[in-house]
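Novice: quick one: sequence plus predicted model below, questions after.
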Amino acid sequence: MNMKDRWTKTMGHGKKFKYSLLLFGITLFATGSGCGPSAGAWLYTLGMVPKQKVKAEYKLPQGPILILVDDDLDLIQPPLAGKILVDELAKEFKKHDITDHVTTNKEIAKIRQQESNFDQRGAREIGRLADADTVIWISTKQFFVPKELEMTASPAKFTVALKVINSRAETREDVRLWPPYREGKILDVTISPHQIMSWKTHADAHEKLAQAMADKIIKLFHDYEIDPYN
């Protein structure tokens with residue numbers, strides 16, 4: 001072995017020793033600091049703990065989608081949050097390569113104008129009128145924004161039941177795609193009074209609630225990663 005080879009080998013051992021010493025120091029720190037979440041978070045920051053992967057609860061079929069926000073009790077007043085929710089989900093579907101063809105609010109308004117009995121039609125029928133293969137039917141169960149944003153002690157709330165409908169289905173048994181239970185997937189957004197106080201207008205409140213709900217909904221349909229220490 002020549003001097004160059006010996007030097008390379010010695011340097012290689014030196015790097016391994018330094019790496020081992022680093023690992024020993026990290027372990028010693030974790031033990032000395034009481035372990036638990038803080039030590040784990042420190043390891044995660046160093047990139048030594050992988051992110052946790054969360055699988056989609058349901059993979060949507062390919063093809064055009066209609067997002068139908070149903071508010072038959074007129075809980076969302078004025079009806080801003082429902083329209084914002086459609087727009088936010090359309091952006092998220094495109095971002096995550098789920099679909100780039102979502103019926104817009106303008107197209108829905110046009111269909112509503114043309115169909116005198118729009119509100120009496122079912123989700124599958126409306127989906128067909130919109131030429132959509134799949135309908136994401138979002139039924140509003142609760143919507144509350146405090147009147148006095150700056151002085152409230154009550155949280156803002158938005159609760160929906162979500163169902164995925166096959167608008168091309170020919171038989172009743174094939175209409176419901178997901179979830180399998182009748183009441184649908186219940187999703188709830190609650191925003192604390194402390195956060196509400198930073199909102200300037202009720203339009204801001206509608207936007208924040210719709211964005212938070214869109215984030216919950218989109219995570220049902222695609223795989224994503226989470227920080228285990230966040």
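Specialist: Arrived safely.
Novice: for this protein, what spans make up the helices?
Specialist: For the chain, the helices defined by DSSP state H occupy 3-32, 36-45, 80-95, 105-114, 123-129, 193-196, 202-218.
Novice: could you list the domains of the chain?
Specialist: Domain assignment for the chain by automatic domain parsing gives 3-49, 65-226.
Novice: to K55, which of the ones you listed lies closest?
Specialist: With C-beta to C-beta as the criterion, K55 lies closest to domain 65-226 of these, at 5.6 Å. Quick note: C-beta positions are derived from backbone N, CA and C, even for glycine.
Novice: what's the offset of that closest one from the middle of its chain?
Specialist: Here domain 65-226 is found 12 Å from its chain centre; the criterion is C-alpha atoms, centre = their mean, to the nearest Å.
Novice: how far does that domain stretch from one end to the other?
Specialist: Start-to-end span of domain 65-226 (C-alpha to C-alpha, to the nearest Å) is 27 Å.
Novice: kindly report the same for stretch 125-135.
Specialist: In stretch 125-135, first residue to last residue: 10 Å (C-alpha to C-alpha).
Novice: pull out the buried residues from it.
Specialist: Residues 126-130, 132-135 are the ones in stretch 125-135 that count as buried (16 or more other C-beta atoms under 10 Å).
Novice: farthest-separated two in these?
Specialist: Spatial extent of the buried residues of stretch 125-135 (C-beta to C-beta) is set by the pair L129 and T134 at 14.0 Å.
Novice: any idea how far V54 is from I226?
Specialist: To I226, V54 is 6 Å away according to C-beta to C-beta, to the nearest Å.
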